[in-house]
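K.L.:
Here is a sequence with its predicted model. Questions after.
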2 protein chains.
Amino acid sequence: MDEAVSATAGARVPRTERGRRTLRLILDAAAAEFGERGFHEAGISRITQRAGVALGTFYTYFDSKEAVFTALVRDMSMQVRDHVAPRLSGTADAIAAEGAGLEAFIGFARAHKEIYRIIDEAEFVDQASFRTHYQSTVDRIVTRLRRGAARGEVREDIGEVHGWAIVGMNVFLGLRYGVWNEDGAPEEIAGTVNAMLRDGLKP
Amino acid sequence: MDEAVSATAGARVPRTERGRRTLRLILDAAAAEFGERGFHEAGISRITQRAGVALGTFYTYFDSKEAVFTALVRDMSMQVRDHVAPRLSGTADAIAAEGAGLEAFIGFARAHKEIYRIIDEAEFVDQASFRTHYQSTVDRIVTRLRRGAARGEVREDIGEVHGWAIVGMNVFLGLRYGVWNEDGAPEEIAGTVNAMLRDGLKP
DNA sequence: CTGAAACCTGAACCGGGATTCAACTTCGGT
DNA sequence: ACCGAAGTTGAATCCCGGTTCAGGTTTCAG
């Protein structure tokens, strides 16, 4: 975890170098704690222990347990985007790009199994963050596909529904083949989905 | 809510008529409470108030808060299946059947918005129930598609990956177009997905 | 009718953990 | 050097809700 501290809106901004260091410690500890135990089982005191700071220090930087969580959702959201984005360019066409996106996402999920315990648990802890994350993900997908349509690579009638369908696929495949069990190579899974996305399921 | 009480394994089985009535009251109250507030915000005392019984009565039927929740997940899971299954037959082919399944699911989600606060929150409260539900859903989809493949209606290489992809699509579309916002007719959404499933996204 | 099992009641218990705060230490600019 | 701001500390406070239980009521088989 080496997110830019600037990314963590909602946190009180440290004025000194020491403060920045401490905030980073707390943030990383929180990601680990929430990732392992989920929001409700996680404890502020456990977070501060992990971080190696006193309990009260936490409240120098965050107003509440919910506040760190929100900051983390935002951060993870950006991490996913930044990890997937570069893998999209250099693909043959818009459909191949979505396949590459899925492959990158599964890889990310394997390396950051805490992602579901943070972003997805937000559905039940901090709906606003959850919706924002997925809506913007959908927006990016739809934009990419429409550009592909303009280039004649995909059908013309791309809409939000396609975006939500693809996000849903990716999320569940990431959970099943990234977090729960690492059977199957990401490339193969992405390949299967790619074929389905390109030609459909008909024989 | 009028689930068969027999469906609720995990609950202590009532011996008298009065007992069966009370258990049903608690179960329905719990579904409403969990549906509105989510697992952690829900309260046993609030459930018993809704049900119109004393606090202690709850523990005549369930060992813990988790226990009712598990019973409810199982019950909702069966309700979804029973609502979707009949809509699958009478469709033109295996691909059309999946479209019909999605349409039925969105309808169910609109009528039972508590579904995500129960089945999906189980990912963070009772993983075993969550996995069982989705694995069996995937199994059903894969079985259907393979039968379709045998009839020459879909491609031969159907595997688990296709099943998880379809479930993921359905879950996210149900959340977006069933629970969050009812814009768009289920038939249209299902139609869009159907076209995608049949022919893919290529022009 | 009757007595034992089944059921119901709700006040009291209890543990856990989020949040506060007043005293103390370190930092950084002058 | 010095001082105000920034940061740190952890014991104490506070609240909340899940669970227990001893005593009462209802049911129903015989």
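P.N.:
Cool, the structure landed.

K.L.:
Tell me where chain A has helices.
P.N.:
Assigned by DSSP state H, the helices in chain A fall at A:17-41, A:44-51, A:55-61, A:65-84, A:94-111, A:115, A:122-125, A:127-150, A:160-174, A:186-199.

K.L.:
The second one and DNA strand C, are they touching?
P.N.:
It stands for helix A:44-51. Yes. Counting by CB under 7 Å from any atom of the strand, DNA strand C is contacted by helix A:44-51 at A:44-45. The C-beta positions use only the backbone N, C-alpha and C, and glycine is treated the same way.

K.L.:
Can you tell me which of the helices of chain A is nearest to B:Tyr177?
P.N.:
Taking CB to CB, helix A:160-174 is the member of the helices of chain A nearest to B:Tyr177, at 7.7 Å.

K.L.:
The closest one and chain B, any residue contact?
P.N.:
Yes. Against chain B, helix A:160-174 shows contacts by CB under 8 Å from any CB of the partner chain at A:161-162, A:164-173.

K.L.:
Now do the domain split for chain A, please.
P.N.:
For chain A, automatic domain parsing gives the domain ranges A:6-69, A:72-199.

K.L.:
what's the closest of the ones you listed to B:Gly178?
P.N.:
Nearest of the domains of chain A to B:Gly178, taken as CB to CB: domain A:72-199 at 11.2 Å.

K.L.:
Straight-line length of the closest one, end to end?
P.N.:
Taking CA to CA, to the nearest Å, domain A:72-199 runs 38 Å from one end to the other.

K.L.:
got a list of what the closest residue to A:Pro203 other than its chain neighbours touches?
P.N.:
Excluding its sequence neighbours, the residue lying closest to A:Pro203 (CB to CB, 6 or more residues apart in numbering or on different chains) is B:Arg155, at 5.2 Å. By CB atoms under 8 Å, 6 or more residues apart in numbering or on different chains, the contact set of B:Arg155 is A:201-203, B:149.

K.L.:
Try it again at 10 Å.
P.N.:
Neighbour list for B:Arg155: A:195-196, A:199-203, B:145, B:148-149, B:162 [criterion: CB atoms under 10 Å, 6 or more residues apart in numbering or on different chains].

K.L.:
and chain A, which of its residues are near DNA strand C?
P.N.:
Listed as neighbours of DNA strand C in chain A under the rule CB under 7 Å from any atom of the strand: A:16-18, A:42-45, A:55-56, A:58-59, A:63-66.

K.L.:
Just the buried ones from those, in PyMOL syntax?
P.N.:
The buried subset of these, as determined by 16 or more other CB atoms under 10 Å in any protein chain shown, is captured in PyMOL by this line:
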select buried, chain A and resi 42+44+58+65
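
K.L.:
Between the residues of chain A next to DNA strand C, which sits nearest A:Val179?
P.N.:
Closest to A:Val179 out of the residues of chain A next to DNA strand C is A:Ala42 (17.8 Å), distances taken as CB to CB.

K.L.:
Hmm, the closest one is touching A:Gly35, no?
P.N.:
Yes. With contact defined as CB atoms under 10 Å, A:Ala42 counts as touching A:Gly35 (8.9 Å).

K.L.:
Can you check which residues contact both of those two?
P.N.:
A:Arg117.

K.L.:
Looks like A:Ile141 contacts A:Gly159 (just checking).
P.N.:
No. Using CB under 10 Å, A:Ile141 is not in contact with A:Gly159; the gap is 11.2 Å.

K.L.:
neighbour-wise, which of those two wins?
P.N.:
Ranked by neighbour count (other CB atoms under 10 Å in any protein chain shown), A:Ile141 and A:Gly159 place A:Ile141 first, with 23 against 14.

K.L.:
leaving aside the residues next to it on the chain, what's closest to the more buried one?
P.N.:
With CB to CB, 6+ apart as the criterion, A:Ile141 has its nearest non-adjacent residue at 4.6 Å, and that residue is A:Gly163.

K.L.:
Check that neighbour and give its pLDDT.
P.N.:
A:Gly163 is assigned 98 on the pLDDT scale.

K.L.:
A:Ala11 too?
P.N.:
A:Ala11 is given a pLDDT of 79.

K.L.:
cool, the one 4 residues further on as well?
P.N.:
Reading off the per-residue confidence, A:Arg15 sits at a pLDDT of 95.

K.L.:
about what we covered before: need the buried ones from the contacts of B:Arg155 selected in ChimeraX.
P.N.:
In ChimeraX, this line selects whichever of the contacts of B:Arg155 come out buried by 16+ other CB under 10 Å:
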select /A:195,196,199,200,201,202 /B:145,148,149,162
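
K.L.:
tell me, which of the contacts of B:Arg155 make contact with DNA strand D?
P.N.:
Here nothing survives when those are matched to DNA strand D using CB under 7 Å from any atom of the strand.

K.L.:
May I ask which of the contacts of B:Arg155 comes out lowest in pLDDT?
P.N.:
pLDDT across those is at its lowest for A:Pro203, which sits at 92.

K.L.:
Show the contacting residues for it.
P.N.:
B:148-149, B:151-156.

K.L.:
what residue ranges in chain A are flagged as low confidence?
P.N.:
A:1-10 (pLDDT under 70).

K.L.:
what about whichever residue of it sits closest to DNA strand D, distance to A:Ile44?
P.N.:
At 1.5 Å from DNA strand D, A:Gly56 is the closest residue in chain A, using CB to the nearest atom of the strand. A:Gly56 sits at a distance of 10 Å from A:Ile44 (criterion: CB to CB, to the nearest Å).

K.L.:
returning to that earlier point: any chance of the helices of chain A in CSV with distance to B:Ala30 as columns?
P.N.:
Compiled in CSV, those are given as follows (distance: least, CB to CB, whole Å):
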stretch, distance to B:Ala30
helix A:17-41, 18
helix A:44-51, 30
helix A:55-61, 34
helix A:65-84, 25
helix A:94-111, 33
helix A:115, 30
helix A:122-125, 17
helix A:127-150, 22
helix A:160-174, 27
helix A:186-199, 38
